[in-house]
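Participant: Sequence and predicted structure, then a few things I'm wondering about:
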Amino acid sequence: MSATLVVSGLTVVRGPLLVLSELSLTVAPTSRIGVVGPNGVGKSTLLACLSGELQPDAGTLILAPLTANVGLLPQEPERLSGESVQGFLLRRTGVTAAQADLDAATADLTVGAPGADDAFSLSLERWLDLGGADVEARAEEVCADIGLSPSLLATDMTALSGGQAARASLASILLSRFDVFLLDEPTNDLDFAGLERLEGWVQALQSGLVLVSHDREFLSRTITSVLDIDGPLRTAKLYNGGWDAFLNHRAVAKQQARDAFEEYDDKRSGLVNRAQKQREQSVRGAVRAKRKAPDGDKLARGARMEAATHSASRVKTIEAQLGRLEQVEEPRKEWQLQMSIAPAPRSGEVVVVLTEAVVQRGAFTLGPLTLRLSYGERVALVGPNGSGKTTLLQALLGRIPLTSGQRTLGSGIRLGEVDQTRELFAGDASVTQVLEERTDWPAGEVRTLLAKFGLRGEHALRPGASLSPGERTRAALALLQAVGVNLLVLDEPTNHLDLPAIEQLEQALQGYEGTLMLVTHDRRLADAVAVTRTVTLG
């Protein structure tokens with residue numbers, strides 16, 4: 001069904017912190033809204049409010065019709081132990097909850113409970129609208145279509161590889177039949193084929209869509225408006241016209257605001273200076289007029305007194321002009337991440353070599369393959385989800401043993417890494433503690449560094465696992481700036497990063513002179529990095 005969601009004055013407060021302030025938005029059946037803003041600004045919180053999972057502290061949300069289904073698919077889908085892939089898909093599509101409501105309504109109807117007829121009709125309608133009648137058959141078709149074997153539908157979600165889990169998340173989106181879709185970072189971990197499939201799905205969608213994403217190419221191809229959340233103010237502004245129009249409009253608006261302030265500042269400074277000069281002239285004229293003039297020179301003395309009076313009058317005129325001058329606030333200087341990658345002495349010419357290497361992980365086999373990485377190479381590792389990209393990186397780094405073949409590591413290697421799961425910052429230790437241990441820096445210097453990456457105050461002291469994915473990624477990038485690196489391994493480094501941080505990463509990589517091994521499906525990052533070689537896994 002067609003549905004519209006209208007939000008007015010939405011405000012969220014957590015403890016002493018203002019998360020969202022007076023936000024208003026209309027999600028129509030044709031809406032394609034991309035939500036952007038710095039990490040931690042409240043984008044996921046907004047989606048949780050729109051879905052009804054989180055109650056705002058103020059504001060109203062009106063859904064028409066009331067029976068419409070709003071579905072939120074979060075950025076880190078929970079993989080529950082004991083839950084099969086099919087169970088995961090049914091839960092993510094809302095069918096599991098709808099089935100539970102239908103079963104309860106059926107039981108009430110059987111015993112003749114008051115109001116059971118209406119409750120059964122509503123729950124049956126919801127179950128049908130969400131596709132419960134044929135979801136299992138459609139699941140097999142969709143999984144086969146995106147390269148996830150239907151035989152895996154009975155497999156526990158926790159047993160899937162990272163690539164298979166990414167495809168399962170994509171399948172849950174493609175299977176869903178919500179009236180309003182809320183997607184949080186849906187492109188994370190998808191390969192190029194998955195990105196293309198998701199783009200086609202968005203373009204053909206007949207329901208309203210609000211999505212959080214930092215994939216610039218995906219946004220450029222799919223959305224028709226942008227909701228930009230302001231970090232310091234926690235307000236939001238909607239820009240119509242798509243992603244590229246938003247970038248242009250924002251740049252023009254910033255320049256116009258700067259020009260307007262400079263024009264105001266120039267006028268105000270000019271009037272203030274003129275007023276000061278007139279005051280000085282008035283004082284000097286009055287002093288001269290009061291001096292005793294020679295006998296018979298009363299006329300000259302009167303002229304000097306009149307001039308002093310006119311000068312004072314001109315000061316009042318200028319002050320009146322200052323009072324009428326419309327004040328223009330100086331544009332706020334936004335905090336910007338300034339990132340670099342600390343260099344290390346050059347390693348040997350040969351960085352790492354795999355010779356006829358084979359790795360077996362359960363039923364998955366990678367290889368045999370031979371790969372030589374030389375100093376200064378910038379290698380992009382590409383391939384579909386599940387092809388073994390992360391496995392190959394782990395084999396290159398010696399993290400997992402080779403089933404057969406040989407690995408040779410060069411001399412003088414200083415490794416820097418951003419792994420796909422940000423595992424280093426996923427435990428109970430705070431990011432400050434992790435960086436202290438890795439750098440031998442005192443706590444004060446570590447916290448100063450983290451503040452430069454937007455991790456200030458209590459964020460630096462919280463357990464790493466309690467931070468958002470974007471904040472953990474920033475912590476990993478901060479470590480690269482603290483330790484010398486000549487071999488840099490990045491596995492989907494832009495996942496969860498906000499746009500300013502992605503742009504800073506691009507600049508840092510352009511200035512990095514060591515060896516680079518990069519796995520990414522961010523098409524604009526791949527274009528910006530001067531790759532010297534591409535290794536493709538089938």
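Facilitator: Done, it's in. Numbers count the residues shown, from 1 in each chain.
Participant: now the helices for the stretch 51-200 of the chain?
Facilitator: Along the stretch 51-200 of the chain, counting by DSSP state H, counting those that start in this stretch, helices occupy 85-92, 95-110, 116-129, 135-145, 162-175, 192-204.
Participant: which one of the ones you listed lies closest to Ala426?
Facilitator: Comparing the helices of the stretch 51-200 of the chain by their distance to Ala426 (C-beta to C-beta), the top pick is helix 162-175, with 14.0 Å. For every residue, glycine as well, the C-beta is placed using N, CA and C.
Participant: which strands and helices sit next to the closest one?
Facilitator: In this structure, helix 162-175 packs against strand 70-73, helix 85-92, helix 135-145, helix 192-204, helix 389-396, with contacts taken as 3 or more C-beta pairs under 8 Å, 6 or more residues apart in numbering; DSSP states H and E.
Participant: Just put those in a markdown table and tack on mean pLDDT.
Facilitator: Formatted as a markdown table, the entries for the helices and strands packed on helix 162-175 read as follows, by pLDDT from 0 to 100:
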| stretch | mean pLDDT |
| --- | --- |
| strand 70-73 | 90 |
| helix 85-92 | 92 |
| helix 135-145 | 90 |
| helix 192-204 | 90 |
| helix 389-396 | 87 |
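Participant: Export the ones you listed to a markdown table and append columns for distance to Ser213 and mean neighbour count.
Facilitator: Shown next, in a markdown table, are the helices and strands packed on helix 162-175 (distance: least, C-beta to C-beta, whole Å; neighbours: other C-beta atoms under 10 Å):
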| stretch | distance to Ser213 | mean neighbour count |
| --- | --- | --- |
| strand 70-73 | 12 | 22 |
| helix 85-92 | 18 | 22 |
| helix 135-145 | 21 | 17 |
| helix 192-204 | 10 | 16 |
| helix 389-396 | 22 | 22 |
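Participant: What is the biggest helix by length in the chain packed up against?
Facilitator: Among the elements of the chain assigned as helix by DSSP state H, the one spanning the most residues is helix 243-290. Counting contacts by 3+ C-beta pairs under 8 Å, 6+ apart, helix 243-290 packs against helix 216-222, strand 225-229, strand 236-240, helix 298-324.
Participant: what about 10 Å?
Facilitator: With contacts defined as 3 or more C-beta pairs under 10 Å, 6 or more residues apart in numbering; DSSP states H and E, the secondary structure elements packing on helix 243-290 are strand 32-36, helix 216-222, strand 225-229, strand 236-240, helix 298-324.
Participant: and it with strand 236-240, angle?
Facilitator: Taking axes from the mean of the first three to the mean of the last three C-alpha atoms, to 10 degrees, one finds that helix 243-290 is oriented at 120 degrees with respect to strand 236-240.
Participant: need the contact list for Leu449.
Facilitator: Taking C-beta atoms under 10 Å, 6 or more residues apart in numbering, we find Leu449 in contact with 432, 435, 439, 441, 455, 460, 475, 478-479, 481-482.
Participant: Can I have the buried ones of these as a PyMOL selection?
Facilitator: Command for PyMOL that selects the buried part of the contacts of Leu449, burial taken from 16 or more other C-beta atoms under 10 Å:
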select buried, resi 432+435+441+455+460+475+478+479+481+482
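Participant: Now distance to Arg250, pLDDT and secondary structure too, for the contacts of Leu449, in JSON lines please.
Facilitator: Rendered in JSON lines, the data for the contacts of Leu449 read as follows (distance: C-beta to C-beta, whole Å; pLDDT from 0 to 100; DSSP: H, G, I helix; E, B strand; the rest coil):
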{"residue": "Thr432", "distance to Arg250": "34", "pLDDT": "86", "secondary structure": "helix"}
{"residue": "Leu435", "distance to Arg250": "33", "pLDDT": "86", "secondary structure": "helix"}
{"residue": "Thr439", "distance to Arg250": "36", "pLDDT": "84", "secondary structure": "helix"}
{"residue": "Trp441", "distance to Arg250": "37", "pLDDT": "87", "secondary structure": "coil"}
{"residue": "Leu455", "distance to Arg250": "25", "pLDDT": "79", "secondary structure": "coil"}
{"residue": "Ala460", "distance to Arg250": "30", "pLDDT": "79", "secondary structure": "helix"}
{"residue": "Ala475", "distance to Arg250": "28", "pLDDT": "84", "secondary structure": "helix"}
{"residue": "Ala478", "distance to Arg250": "27", "pLDDT": "84", "secondary structure": "helix"}
{"residue": "Leu479", "distance to Arg250": "31", "pLDDT": "85", "secondary structure": "helix"}
{"residue": "Gln481", "distance to Arg250": "28", "pLDDT": "83", "secondary structure": "helix"}
{"residue": "Ala482", "distance to Arg250": "32", "pLDDT": "83", "secondary structure": "helix"}
